[in-house]
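J.: sequence plus predicted model, see below.
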2 protein chains.
Amino acid sequence: MTTPRRGRPGYDLESLLMVAVKLFNERGYDGTSMEDLSRKLGITKSAIYHHVPSKEELLRLAVDRALDGLFEVASETAQLDGRAIDRLEHLVRGSVLVLADRLPFVTLLLRVRGNTKVERAALARRREFDRLVTDLVKQAEAEGDIRPDVDPAVTARLLFGMVNSLIEWYRPRRGSAAEVADAVCKVAFEGLRTGS
Amino acid sequence: MTTPRRGRPGYDLESLLMVAVKLFNERGYDGTSMEDLSRKLGITKSAIYHHVPSKEELLRLAVDRALDGLFEVASETAQLDGRAIDRLEHLVRGSVLVLADRLPFVTLLLRVRGNTKVERAALARRREFDRLVTDLVKQAEAEGDIRPDVDPAVTARLLFGMVNSLIEWYRPRRGSAAEVADAVCKVAFEGLRTGS
C-alpha cells in the first residue's frame, strides 16, 4: 500500500525503513525514539506518521523482511525431492544468501529480545524456523547421512550459529555471498580437517 | 582489593557484579542506570559506589572476566607442542568451557559496541583473540591439516560463530559443557556428513 509522499522529498516508506533499521541497529530498538528518527531523517514526526503508524510497525516491517526471506527459502526447500541432507544444505546456502542480501534486517531480527508483541511474534517465527532445521537434521540422521553422535538440536544450533555469525563480520567486500555460502557448507558438512 | 562491606548485608563486589551483569544483559548497558541497579539491589547508590567507582568500572570488570578466561586458554594453547590443528582444537574446546562457565560475562562481551573507552578496549582485545585464531588456522593450513579452499579468516570466524552461538542457546541442563565442546569439535573439524 503506497500513499502519496509528503514531507521532505526523497523519503518513501522503503527509504525511511532503511534509515530506521540502521538507527535501531546502532542504538537498540528500545533506545531509539521517533524523535531521534525524525532528527536523523530531517523531517517532522508527523511526516513519519504519514508513512507508518508507529515505531513498532517499523520494527514489524523490518523483522518480517528478514523472516519472510528465510521462510521463502524454507518453502523452496520443502518442495525439493531427494535426501534430507541435500535439502538441509539448500536451506543453509539459501539462508546465507538471505542474510547477506538483507543484512541490516537480519541483524535487527537476531537482536530482538521479546519485550513487545511484535518482538514476541518474531521470536515465535524464529523458533518455528529452528524447528524446521532440527527436523531436517533428524531426517538426515535417520537416512544415515549425518553423524549420529551429536544431538540434532545441538547440530542445528551450531549450523545456524555459523550462518548467523555473518551479521558480525560479513561485508560484501570480503567476497560474494555465494562464496561465503560455499565456505559455510564446506566447513559445516565436510569439516575443517583435510581428508576427514 | 576488598573493602569492608557496608549497606545491605549480602552484597560484596562479586555478588553486586553478578546482578549488574544480569541487568546489563537484560536492558543493555546503555539502557541501565546506576539508579536502576540500586533499585534492583535494594541498596542506595552510595552503597554501590562504596564497592565500585562507576558503572563503566562494573562493565570493565565484567568484560575482563570473559576476556581473561579466553586469553588464559590462548596462552595454554601457545605453550603446547605439536601440530597447529591440535592447538586450534584445544583453543576451541577451552573457549567453549570458558563460555559455558562465564556465560553472562561473555554474553555482555559479545554485545559490546564500542561507545566508551572500556568498550573500545574490549573490542581491541577481541580482535587480538580473533587474530590468534586466524594465525592458528593459517599454520594448520600450511601444515596441510586444514582445507585450503576456504579463506583462513572466514574459517576462523565460522569456527567462533559456532562457539559464540552458545550465548544464545546453551543452558547447563542441555548437557555438560564438555559434551557441548565435543559436539563443536566434531562438527567443526570432522563435519556433519558421515564418511566425509
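T.: Yep, it's here. Numbers count the residues shown, from 1 in each chain, chains lettered A, B, ... in the order given.
J.: next SSE after the longest helix along chain A?
T.: Determined from DSSP state H, the single longest helix within chain A is helix A:117-142. Downstream of helix A:117-142, the first helix or strand assigned by DSSP states H and E is helix A:152-164.
J.: buried set for the longest helix of chain A?
T.: For helix A:117-142, burial by neighbour count (16 or more other CB atoms under 10 Å in any protein chain shown) applies to A:118-119, A:121-122, A:125-126, A:129, A:132-134, A:136-141. The way it works is simple: take the backbone N, C-alpha and C, and place the C-beta from them, glycine included.
J.: got the angle for it vs helix A:152-164?
T.: If you take axes from the mean of the first three to the mean of the last three CA atoms, to 10 degrees, helix A:117-142 sits at 120 degrees to helix A:152-164.
J.: avg pLDDT for helix A:117-142?
T.: Looking at helix A:117-142 alone, the average pLDDT works out to 97.
J.: which elements pack onto that helix?
T.: If you count contacts as 3 or more CB pairs under 8 Å, 6 or more residues apart in numbering or on different chains; DSSP states H and E, helix A:117-142 packs onto helix A:55-78, helix A:84-101, helix A:152-164.
J.: can you say which of these is packed in most?
T.: When you average the neighbours per residue for each of the helices and strands packed on helix A:117-142 (mean count of other CB atoms under 10 Å in any protein chain shown), helix A:152-164 leads with a mean of 23.
J.: is that helix in proximity to chain B?
T.: Yes. Judged by CB under 8 Å from any CB of the partner chain, helix A:152-164 comes into contact with chain B at A:154, A:155, A:157, A:158, A:159, A:160, A:161, A:162, A:163, A:164.
J.: hmm, residue B:170 and the first one touching each other?
T.: No. Residue A:154 sits out of contact with residue B:170 when judged by CB atoms under 8 Å, with a separation of 9.3 Å.
J.: residue ranges with poor pLDDT in chain A?
T.: By pLDDT under 70, the low-scoring segments of chain A are A:1-10, A:196.
J.: gap between residue A:160 and residue A:137?
T.: 11 Å (CB to CB, to the nearest Å).
J.: do the same with residue A:43
T.: Per CB to CB, residue A:43 is found 47 Å from residue A:137.
J.: could you do residue A:52 as well?
T.: Using CB to CB, residue A:52 is found at 39 Å from residue A:137.
J.: closest to the centroid, which residue in chain A?
T.: Against the mean C-alpha coordinate of chain A, by CA atoms, centre = their mean, the closest residue is residue A:106 at 3.2 Å.
J.: before we move on, which element is it in?
T.: helix A:103-111.
J.: helices and strands around that helix, which ones?
T.: Helices and strands touching helix A:103-111, by 3+ CB pairs under 8 Å, 6+ apart, are helix A:13-27, helix A:55-78, helix A:166-169.
J.: my guess is residue A:109 meets residue A:69, correct?
T.: No. Taking contacts as CB under 8 Å, residue A:109 lies outside contact range of residue A:69: 9.9 Å.
J.: my guess is residue A:74 meets residue A:132, correct?
T.: Yes. Between residue A:74 and residue A:132 a contact is recorded at 5.4 Å, counting by CB under 8 Å.
J.: overlap in contacts, these two.
T.: Here residue A:74 and residue A:132 have residue A:91 as joint contacts, going by CB atoms under 8 Å, 6 or more residues apart in numbering or on different chains.
J.: which segments of chain A make up each domain?
T.: Here the domain assignment for chain A is A:13-53, A:62-190, based on automatic domain parsing.
J.: could I get stretch A:67-82 in CSV with only the CA atoms?
T.: Extracted in CSV, the C-alpha atoms of stretch A:67-82 (Å, rounded to 0.1, in the frame of the first residue of the first chain):
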residue,chain,number,x,y,z
LEU,A,67,11.8,-13.7,8.4
ASP,A,68,9.9,-13.7,5.0
GLY,A,69,13.2,-14.2,3.2
LEU,A,70,14.2,-17.2,5.5
PHE,A,71,10.7,-18.8,5.2
GLU,A,72,10.8,-18.4,1.4
VAL,A,73,14.0,-20.5,1.4
ALA,A,74,12.4,-22.9,3.8
SER,A,75,9.4,-23.5,1.5
GLU,A,76,11.6,-23.9,-1.6
THR,A,77,13.5,-26.5,0.5
ALA,A,78,10.3,-28.3,1.4
GLN,A,79,9.4,-28.7,-2.2
LEU,A,80,12.7,-30.4,-3.2
ASP,A,81,12.9,-34.1,-3.7
GLY,A,82,15.9,-36.2,-2.6
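J.: for residue B:191, see how far away residue A:192 is.
T.: Going from residue A:192 to residue B:191 by CB to CB gives 8 Å.
J.: which of these two has more neighbours?
T.: Taking other CB atoms under 10 Å in any protein chain shown, residue A:192 and residue B:191 do not tie; residue A:192 has more neighbours (28 against 22).
J.: what are the contacting residues of stretch A:62-77?
T.: Contacts to stretch A:62-77, defined as CB under 8 Å, 6+ apart, come from residues A:17, A:20-21, A:24, A:87-88, A:90-91, A:94-95, A:97-98, A:101-102, A:104-106, A:108-109, A:112, A:118-119, A:122, A:125-126, A:129, A:132, A:136.
J.: thinking again about what came up before, shared neighbours of residue A:154 and residue B:170, which are they?
T.: Counting by CB under 8 Å, 6+ apart, the common neighbours of residue A:154 and residue B:170 are residue B:180.
J.: next one: residue A:62 relative to chain B, how far apart?
T.: Using CB to the nearest CB, to the nearest Å, we find residue A:62 at a distance of 18 Å from chain B.
J.: what's the closest non-adjacent residue to that residue?
T.: Leaving aside its sequence neighbours, residue A:62 sits nearest to residue A:21 (CB to CB, 6 or more residues apart in numbering or on different chains; 4.9 Å).
J.: is it correct that the one you found is in contact with residue A:109?
T.: No. Using CB under 8 Å, residue A:21 is not in contact with residue A:109; the gap is 10.1 Å.
J.: now the nearest residue to residue A:29 once chain neighbours are set aside: how far from residue A:95?
T.: Nearest in space to residue A:29, with sequence neighbours left out and distances taken as CB to CB, 6+ apart, is residue A:59 at 5.9 Å. Applying CB to CB, the value for residue A:59 to residue A:95 is 21 Å.
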